[in-house]
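Q: Predicted model and sequence below, questions to follow.
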Amino acid sequence: MKRIDMKKHDKRKKALKIKHLLPVIIAVLGIFLYLFFTDREQFLSSINYVFSIHKNEIRYETFDIYLNGLDEFFTAQVTENLSKVEFQETKRFNFVDDVEDADLLIEYGTGENTVFTQHLLPVGHIYWIEDSIAMDSIENGEYTVLLSEEGNGKYGDFLESKYPGVIIESSSDLISDLEDEGGEYVGLIEDSELSKEYKLLTIDNKYYLDTFDTGIEISLVVDLQDDNINISFVSNIIKKNIGLNSSDFSEDTVAKINMTGVTALTRRVLQAMDTRNDYDYPSEKIAEFLADADITHTSNEVSFVEGCTSYSGIRFCSNPESIAVLKAIGVDIVELTGNHNNDYGSQYNTETIETYIDEGIEYFGGGLDSEDASEPYIVEVNETSIAFLGYNYYDAVVAGSTNALAGESRAGANPYSESQMKEDIEKVRDEVDIVIMDFQYQECYSYPSSDVIYPVCYKPISNQSNVFRKAIDYGADIVIGTQAHQPQTYELYEEGIIFYGLGNLFFDQSMWIGTRQGMILTHYFKDGELIQTKITPTMYDSNLQVEVADEEDSELLLELLSTARESL
């Protein structure tokens with residue numbers, strides 16, 4: 001009979017137990033370390049709480065709260081929601097009428113223990129010329145503040161108590177009233193109410209969707225009356241149960257896209273770069289502005305050709321060094337619907353597209369062949385998915401097909417047809433949140449005999465509004481004409497928005513004011529919705545360097561676009 005040495009047996013069992021327990025011990029220690037370093041204060045509070053409880057006993061403290069200076073709306077909201085927090089019929093919070101009896105105060109303010117934050121933002125209608133405001137002009141009653149009926153019920157008392165000079169009116173249809181009113185009126189809305197119909201105003205030279213820290217901030221904060229209370233623990237309970245929706249707007253939740261019009265790095269622009277041996281020269285005054293986005297787009301109409309000296313004429317090329325301009329402005333995506341990319345032959349268009357690929361720059365609206373040219377570009381940014389589609393209308397419809405268009409084995413632009421556009425939108429509509437449509441439409445002849453304003457070309461030209469509106473009818477959200485050398489008007493249409501022409505970004509047409517003017521569109525998206533499009537007018541002069549237009553030039557362009565819109 002085989003004898004078992006029990007001492008050795010027990011030692012082996014013990015060793016096996018230790019061997020199996022060791023990974024468990026390491027895992028538990030790992031969890032404790034993770035919790036300690038990710039939220040040290042809450043971790044230590046929880047440990048303290050665990051070791052302070054008595055055996056078989058659950059401590060559920062009730063905290064006495066005094067609401068210090070809150071108006072009727074916030075008092076009602078806080079009281080109603082926090083009164084619901086209880087365990088086995090024991091209330092977590094009790095509201096007292098005397099500050100001396102309170103453990104905690106809830107009041108307006110900011111700090112580490114803020115439990116609610118919301119921003120009220122000054123807005124107009126997207127058709128407004130005015131685009132900026134000083135906060136003290138609202139506080140001092142220089143404007144009449146329009147609030148929605150709901151907004152007035154929530155924030156009217158707060159505004160009147162904080163700003164005794166403010167003048168408030170209630171509106172049953174705020175967007176319509178703002179479209180009709182201007183000058184002495186301004187709307188105030190929550191950031192969560194932003195939409196494409198509103199024009200978010202720059203406030204004291206700060207734009208909320210870029211900084212997220214301007215406007216009228218309304219915050220509730222918890223302050224201690226009893227130093228023995230763990231304020232972080234209690235504040236977290238209040239924050240989760242207060243029933244008020246705090247703003248969650250930030251760089252991580254809002255997607256930002258800059259879109260520009262004609263880029264033509266040729267003729268005198270090319271000569272200016274060659275002469276200076278400075279290949280980001282045209283962009284020096286606008287590069288930082290354009291690069292400040294999640295995605296920067298331009299419509300490049302000219303291919304790169306080694307040794308190009310195309311300093312005049314209407315047959316365009318640029319040299320490979322000029323891609324420095326696109327890099328300087330942070331271009332992520334190039335639209336290729338233009339009708340000059342094949343001016344020196346499709347092989348140079350092919351080489352240019354291959355350069356984009358090598359540089360990590362995406363493209364759409366044109367491609368290496370007809371199949372490639374027809375592909376949409378789809379991207380997701382901060383929880384918003386976007387499809388870019390582009391078509392060359394001019395060469396496909398007006399000129400009746402040209403060498404500018406892509407073929408089975410030829411690089412070129414994606415040709416337009418209404419049926420194909422409808423089919424393409426239907427293919428992507430259910431896959432993405434937003435569809436952006438670019439058109440190379442027929443150009444307006446915007447070259448008068450002298451440097452004067454030429455109103456006709458700020459309007460859509462023949463049949464343009466029908467074509468662009470049809471894209472919205474078929475499901476596009478944003479439609480843009482990138483063909484225009486002179487900016488054209490814009491409009492809200494059905495559920496979408498149309499910009500008929502953005503004008504020049506980089507080109508040499510400095511002889512006429514209309515072609516010196518341009519527009520940069522900055523689209524902001526949140527949770528799959530277009531919440532704002534900011535129009536930034538641009539200008540360039542005989543130096544051929546583009547910059548953000550000053551206040552006078554900006555107002556002039558927006559007034560011209562407003563007048564042109566009256567003809568729609």
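A: Nice, I can see it. Since the structure is predicted, the reported quantities are computational estimates derived from the model, not experimental observations. Residues are numbered from 1 along each chain as shown.
Q: Next up, phi/psi of Val85, please.
A: Main-chain torsions, Val85, degrees, to the nearest 10: phi -80, psi 110.
Q: Need the pLDDT of the closest residue to it other than its chain neighbours.
A: Leaving aside its chain neighbours, Val85 sits nearest to Arg92 (4.1 Å; criterion: C-beta to C-beta, 6 or more residues apart in numbering). C-beta coordinates here come from the backbone N, C-alpha and C atoms, glycine included. Reported pLDDT at Arg92 in the predicted model: 95.
Q: Look up how far Glu86 lies from Arg92.
A: For Arg92, the distance to Glu86 (C-beta to C-beta, to the nearest Å) stands at 6 Å.
Q: Neighbour count for the two, which is higher?
A: Shown here are Arg92 and Glu86; by other C-beta atoms under 10 Å, Arg92 has more neighbours (19 against 12).
Q: quick one, strands of the stretch 451-568 of the chain?
A: For the stretch 451-568 of the chain, the strands defined by DSSP state E, counting those that start in this stretch occupy 478-481, 488-493, 496-501, 504-506, 517-526, 529-539, 547-548.
Q: Rebuild these as JSON lines, extending it with distance to Val452 and mean pLDDT.
A: Below are those laid out as JSON lines (distance: least, C-beta to C-beta, whole Å; pLDDT from 0 to 100):
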{"stretch": "strand 478-481", "distance to Val452": "23", "mean pLDDT": "98"}
{"stretch": "strand 488-493", "distance to Val452": "18", "mean pLDDT": "98"}
{"stretch": "strand 496-501", "distance to Val452": "19", "mean pLDDT": "98"}
{"stretch": "strand 504-506", "distance to Val452": "18", "mean pLDDT": "98"}
{"stretch": "strand 517-526", "distance to Val452": "13", "mean pLDDT": "98"}
{"stretch": "strand 529-539", "distance to Val452": "16", "mean pLDDT": "98"}
{"stretch": "strand 547-548", "distance to Val452": "22", "mean pLDDT": "98"}
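Q: Ok, which of those comes nearest Leu82?
A: strand 517-526 (28.9 Å; C-beta to C-beta).
Q: That closest one versus strand 488-493: what angle between them?
A: Counting by axes from the mean of the first three to the mean of the last three C-alpha atoms, to 10 degrees, strand 517-526 lies at 30 degrees to strand 488-493.
Q: Buried residues, strand 517-526. List them.
A: Buried residues in strand 517-526, counted by 16 or more other C-beta atoms under 10 Å: 517-526.
Q: How many neighbouring residues does the residue nearest to Glu418 when sequence neighbours are not counted have?
A: Leaving aside its sequence neighbours, Glu418 sits nearest to Lys470 (C-beta to C-beta, 6+ apart; 6.5 Å). Per other C-beta under 10 Å, the neighbour tally for Lys470 reads 14.
Q: Lys470 and Met437: what is the separation?
A: For Lys470, the distance to Met437 - C-beta to C-beta - is 10 Å.
Q: Quickly list what's touching both of the two.
A: Met421 (C-beta atoms under 8 Å, 6 or more residues apart in numbering).
Q: Near Ile175, how many other residues are there?
A: The number of residues packed near Ile175 is 18, by other C-beta under 10 Å.
Q: per-residue pLDDT, it?
A: So Ile175 comes in at 96 (pLDDT).
Q: what's it sitting at in phi/psi?
A: Main-chain dihedrals, Ile175, degrees, to the nearest 10: phi -60, psi -40.
Q: thought it was touching Lys199?
A: No: using C-beta atoms under 8 Å, Ile175 is not in contact with Lys199; the gap is 10.4 Å.
Q: Give me the common contacts of the two.
A: Taking C-beta under 8 Å, 6+ apart as the criterion, Ile175 and Lys199 both touch His125.
Q: Give me the below-cutoff pLDDT ranges for this protein.
A: Low-confidence segments of the chain, defined by pLDDT under 70: 1-24, 27-28, 30-36, 38-58.
Q: Quick check: which element contains Ser176?
A: helix 174-180 (DSSP states H and E).
Q: now for that helix, which elements pack on it?
A: strand 114-125, strand 144-148, strand 185-190 (3 or more C-beta pairs under 8 Å, 6 or more residues apart in numbering; DSSP states H and E).
Q: where's the residue nearest to Glu418 relative to Phe116, distance?
A: 46 Å.
Q: From the chain's centre, how far out is the helix holding Ser176? Work that out for me.
A: Helix 174-180 sits 23 Å away from the centroid of its parent chain (C-alpha atoms, centre = their mean, to the nearest Å).
Q: Output the strands of the stretch 451-568 of the chain in TSV; the columns should cover distance to Arg410.
A: Output for the strands of the stretch 451-568 of the chain, formatted as TSV (distance: least, C-beta to C-beta, whole Å):
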stretch	distance to Arg410
strand 478-481	25
strand 488-493	31
strand 496-501	28
strand 504-506	26
strand 517-526	31
strand 529-539	34
strand 547-548	38
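Q: closest to Asp157 out of those strands?
A: Closest to Asp157 of those, according to C-beta to C-beta: strand 529-539, at 27.3 Å.
Q: buried residues in that closest one?
A: 530-539.
Q: go on, stretch 301-310?
A: Residues of stretch 301-310 classed as buried by neighbour count (16+ other C-beta under 10 Å): 301-305, 308, 310.
Q: Many thanks, we can stop here.
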